[in-house]
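> Sequence plus the predicted model coming up.
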Amino acid sequence: MSNDLHHGSCHCGAVKFEVRTALSPAARCNCSLCRRKGALMSPPFAAAELKIVQGEEALTLYQFNTKVARHYFCKHCGIYPFHQTRKDPLLWRVNIGCLDGVDPYSFAAGVNDGASLSTVNLEDA
């Protein structure tokens, strides 16, 4: 699939962004955080392909375990729009459910084994 330009936002609209990425193959992750948030993610893309158009100050950062991945959430509505990956910190993924005009339920999705990248067991967290 091509790397098309997509527009997206969090639920409340405080955070708006543009991203140039393919949407397929879409994936979920089985790490302790992603398993709980259940988001469908785009394939990885370079950081330069993501532009925050509005609301950078509304983003809050969450890190855990190895503290390499950088998960961003809107501090007003709690939605996760994108994150910097742990496997390769030069790459990012976007929450497909945050993209305008894209139905996340129309994608088949694989599962990334993020749980195997953990250095401590957080399954009981």
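Cool, the structure landed.

> Who are the contact partners of the most centrally placed residue in the chain?
By CA atoms, centre = their mean, the mean C-alpha position of the chain lies nearest to Phe82, the distance being 3.2 Å. With contact taken as CB atoms under 8 Å, 6 or more residues apart in numbering, Phe82 is in contact with Phe17, Val19, Leu50, Tyr72, Trp92, Arg93, Val94, Asn95, Cys98. Where you see a C-beta, it was placed from the backbone N, CA and C, and this is true even at glycine.

> Backbone dihedrals for it, please?
phi -170, psi 170 (degrees, to the nearest 10).

> And it, how far from His11?
Here the criterion is CB to CB, to the nearest Å. By it, Phe82 lies 14 Å from His11.

> And for Val19?
From Val19 to His11 the distance is 17 Å (CB to CB).

> Can you tell me who the residue nearest to the centre of the chain pairs with across the strands?
Beta-bridge partners recorded for Phe82 (DSSP bridges): Tyr72, Val94.

> Do you know the pLDDT at it?
Note for Phe82: predicted pLDDT of 98.

> And for Glu57?
pLDDT recorded at Glu57 is 98.

> and it, helix, strand or coil?
Three-state assignment for Glu57 (DSSP: H, G, I helix; E, B strand; the rest coil): helix.

> What average pLDDT does stretch 5-22 get?
98.

> the helices in the chain, which residues?
32-37 (DSSP state H).

> how close does the closest residue in space to Lys37 that isn't next to it in sequence get to Leu61?
Excluding the flanking residues, the one nearest Lys37 by CB to CB, 6 or more residues apart in numbering is Tyr80, at 5.7 Å. In this view, Tyr80 and Leu61 are 11 Å apart by CB to CB.
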